[in-house]
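Visitor: Turn this into a structure:
(one chain, ligands or ions: 1)
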Amino acid sequence: MAAKAEYDAAIVGASLSGCTAAILLARAGAKVALIEKRPDPKAFKRVCSHFIQASAVPTIERLGLYEPILEAGGLQSRFHSRTPWGWVEPTGRREAYCLNLRRSLLDPMLRDAAAAQPGVELMLGQSAERLIHDGDAFGGVGVRDRNGKEREIRSRLVVGADGRDSRIAELARVKEKTLPHNRLAYGGYFEGPKPRFWPDGAVWLLDPDMAAAFPTDGGQIFYIAMTHKDRAPEFKADPERALVEHVAAVPEPPPIRESRCVAPVIGKVEMPNRVRGPIAPGLALVGDAALATDPIFGVGCGFAFQSGEWLADSVSAGLSGSEPLEKGLRRYRKKHRNQLGMHARLIHDYSTGRKFDRIERLMMSTAVRDAKAAALFEDVGTRRVTPPQALAPMAVRIAIVNARRLGRVARGSRT
Ligand SMILES: Cc1cc2nc3c(=O)[nH]c(=O)nc-3n(C[C@H](O)[C@H](O)[C@H](O)COP(=O)(O)OP(=O)(O)OC[C@H]3O[C@@H](n4cnc5c(N)ncnc54)[C@H](O)[C@@H]3O)c2cc1C
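Guide: Sure, this is the predicted structure:
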């Protein structure tokens, strides 16, 4: 017979998704082991432009981290999108504000909050290497510390919060789909003149390339270039120069040439989209482990916070024994699919490196001219609304705006 579980949940990965799940599960009464392979409590994810979409702000508020993020210098930002037809401007609605704080500050803040949460035991410098089976379900993880010492952590639920290359997903053999992407991403921190929309972010949708300027804490701006992978040799040879040239060439460019790069420009070429079945018996995946998209639309941090929250809310009853755990896991899978499924499909489709299709062109050109269409564009872009929810009202705006335009053209041709 299997040994008794010492923990309700063993969460592998103490970054955004893992810490969120750990804090909220422990608040609901669970005893949580939070396992992190990196020994340094100040460790952080280095390749990330950390623009946190507004969809995740309620989760951050619930974690009690909204004010601390602002006190650490984090910025409340909206985003302005420069399309080939002009700017789509943000609405200024409170609920559409996003957040931006460097990961070097955000990750340790979240980890500290998890470590301080009664019910969470943070285990640093422990790498999860195998899964323990308990009958038909998973019943814990085998970890190894930096000295090679092994230990078993038995739990009723195992959570893989271990990022896009999730070892837990691989060990559990969950279903995985890998979809191609064709754009590289290189970015870096700069100091200098404030870009036009400060403290808002700006994104250039260059069809098919992209560039962005994200103001962040400490007066720094994170500039990022996303372009076809066939330009990888140029970016690898001189990342800073390639980034500056790419960003300076956009229409109405931000002042990158007048700014000073304050940290090495870094980037990634291979970032395939990964979609995994987010549950198995006794196991769940959150954050990038469940869904790692091409970062082109800056959604991964938000999805990490949100999926950590959805999992905790879905399985708390199961862990407290008031319903079967599997029922909560199925609830989580449904929520994950309903909330993120269509966002993911659209991002995957665009990340092939293709140009905008007819519908995207119609939506953007309408949003440039019409405030109501711009609000819908912002709702979906900040991930507060799913694409199917916005589709019908957007179709109405496209019809109205274009009917007016055709009317003007017809009147003009009669006079
Ligand atoms: C170029 C680029 C730009 C991006 N820009 C943005 C952006 O602007 N906005 C946005 O929202 N998202 C962005 N993202 C995506 C974002 O970085 C991720 O989606 C987010 O970090 C996922 O969080 P996570 O907690 O799921 O995983 P991660 O942050 O990847 O954390 C995984 C954790 O698991 C630990 N771990 C791994 N394996 C083990 C193991 N075997 N045992 C123990 N611990 C383990 C790791 O050490 C790490 O701490 C970007 C990504 C890239 C590549």
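
Visitor: When you work out contacts or count neighbours from here on, use the C-alpha atoms and nothing else.
Guide: OK.

Visitor: partner strands of the strand ranked longest in the chain, parallel or antiparallel?
Guide: Criterion DSSP state E: the longest strand present in the chain is strand 150-160. Partners of strand 150-160 in the sheet, by DSSP bridges, are strand 7-12 (parallel), strand 137-145 (antiparallel), strand 283-285 (parallel).

Visitor: other SSEs contacting whichever helix or strand comes after it?
Guide: The helix or strand immediately downstream of strand 150-160 is helix 167-172, counting by DSSP states H and E. Under the contact criterion of 3 or more C-alpha pairs under 8 Å, 6 or more residues apart in numbering; DSSP states H and E, helix 167-172 touches strand 126-134, strand 150-160.

Visitor: out of those strands, nearest to Gly140?
Guide: With C-alpha to C-alpha as the criterion, Gly140 lies closest to strand 150-160 of those, at 4.1 Å.

Visitor: Report the buried residues of the closest one.
Guide: Neighbour-count burial for strand 150-160 flags Ile153, Arg154, Ser155, Arg156, Leu157, Val158, Val159, Gly160 (criterion: 16 or more other C-alpha atoms under 10 Å).

Visitor: just to revisit the earlier point, and the longest strand of the chain with strand 126-134, angle?
Guide: With axes from the mean of the first three to the mean of the last three C-alpha atoms, to 10 degrees applied, the angle from strand 150-160 to strand 126-134 works out at 80 degrees.

Visitor: Helices of the stretch 51-200 of the chain, residue ranges please.
Guide: Assigned helices in the stretch 51-200 of the chain, in chain order: 57-62, 66-71, 103-116, 167-172 (criterion: DSSP state H, counting those that start in this stretch).

Visitor: Let me know which of these is the nearest to the ligand.
Guide: Smallest distance to the ligand across these (C-alpha to the nearest ligand atom): 5.6 Å, for helix 167-172.

Visitor: quick check: mean pLDDT across that closest one?
Guide: What helix 167-172 shows for mean pLDDT is 98.

Visitor: In CSV, list the C-alpha atoms belonging to that helix.
Guide: The C-alpha trace of helix 167-172 is given here as CSV (Å, rounded to 0.1, in the frame of the first residue of the first chain):
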residue,chain,number,x,y,z
ARG,A,167,9.4,17.9,-17.1
ILE,A,168,6.3,17.0,-15.2
ALA,A,169,4.2,17.0,-18.3
GLU,A,170,6.8,14.8,-20.0
LEU,A,171,6.9,12.4,-17.1
ALA,A,172,3.1,12.2,-16.9
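
Visitor: what's next to it, contact-wise?
Guide: Outside helix 167-172, the residues within contact range by C-alpha atoms under 8 Å, 6 or more residues apart in numbering are Val12, Ala128, Glu129, Arg130, Leu131, Gly160, Asp162, Arg276, Ala280, Leu285, Ala289.

Visitor: Export those residues as TSV, with columns for distance to Glu89.
Guide: Formatted as TSV, these follow (distance: C-alpha to C-alpha, whole Å):
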residue	distance to Glu89
Val12	40
Ala128	45
Glu129	48
Arg130	49
Leu131	49
Gly160	38
Asp162	36
Arg276	35
Ala280	43
Leu285	36
Ala289	33
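
Visitor: now the helices: where do they sit in the stretch 251-400 of the chain?
Guide: In the stretch 251-400 of the chain, the helices defined using DSSP H, counting those that start in this stretch lie at 300-320, 325-350, 358-369, 371-381, 387-414.

Visitor: what ranges of the chain fall below the confidence cut-off?
Guide: Low-confidence segments of the chain (pLDDT under 70): 1-3, 413, 415.

Visitor: Around the ligand, pick out the residues from the protein.
Guide: Residues of the chain lying close to the ligand (C-alpha under 6 Å from any ligand atom) are 12-18, 35-38, 45, 47-52, 126-129, 161-163, 167, 185, 267-268, 287-289, 295, 298-302, 304.

Visitor: Surely Val299 and Ala56 touch.
Guide: No - with contact defined as C-alpha atoms under 8 Å, Val299 does not reach Ala56; the gap is 9.5 Å.

Visitor: Quick one: closest of the helices and strands packed on helix 167-172 to Ala263.
Guide: Nearest to Ala263, of all the helices and strands packed on helix 167-172, is strand 126-134, at 29.2 Å by C-alpha to C-alpha.

Visitor: Output the contacting helices and strands for that closest one.
Guide: strand 32-36, strand 137-145, helix 167-172.

Visitor: next one: that strand to chain centre, how far?
Guide: On the basis of C-alpha atoms, centre = their mean, to the nearest Å, strand 126-134 sits 26 Å off its chain's mean C-alpha point.

Visitor: residues in contact with that strand?
Guide: Contacts of strand 126-134 (C-alpha under 8 Å, 6+ apart): 2, 12, 35-39, 138-146, 154, 167-168, 171-172.

Visitor: now those: which count as buried?
Guide: Applying 16+ other C-alpha under 10 Å to those, the neighbour count classes 12, 35-38, 138-145, 154, 167-168, 172 as buried.

Visitor: I'd like the helices of the stretch 251-400 of the chain laid out as JSON lines, including mean neighbour count and distance to Gly74.
Guide: Listed next are the helices of the stretch 251-400 of the chain as JSON lines, based on neighbours: other C-alpha atoms under 10 Å; distance: least, C-alpha to C-alpha, whole Å:
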{"stretch": "helix 300-320", "mean neighbour count": "24", "distance to Gly74": "15"}
{"stretch": "helix 325-350", "mean neighbour count": "18", "distance to Gly74": "26"}
{"stretch": "helix 358-369", "mean neighbour count": "18", "distance to Gly74": "29"}
{"stretch": "helix 371-381", "mean neighbour count": "21", "distance to Gly74": "20"}
{"stretch": "helix 387-414", "mean neighbour count": "13", "distance to Gly74": "28"}
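
Visitor: Who does Asn100 form a beta bridge with?
Guide: Beta bridges link Asn100 to Phe51, Leu75 when assigned by DSSP bridges.

Visitor: Surely it and Gln220 touch.
Guide: No - shown here, Asn100 and Gln220 do not form a contact pair, counting by C-alpha under 8 Å, at 10.9 Å.

Visitor: These two: which is more packed in?
Guide: Taking neighbours as other C-alpha atoms under 10 Å, Asn100 and Gln220 compare with Asn100 leading, 25 against 21.

Visitor: show me what contacts that one?
Guide: Under the criterion of C-alpha under 8 Å, 6+ apart, the neighbours of Asn100 are His50, Phe51, Ile52, Gly74, Leu75, Gln76, Ser77, Phe214, Pro215, Thr216, Asp217.
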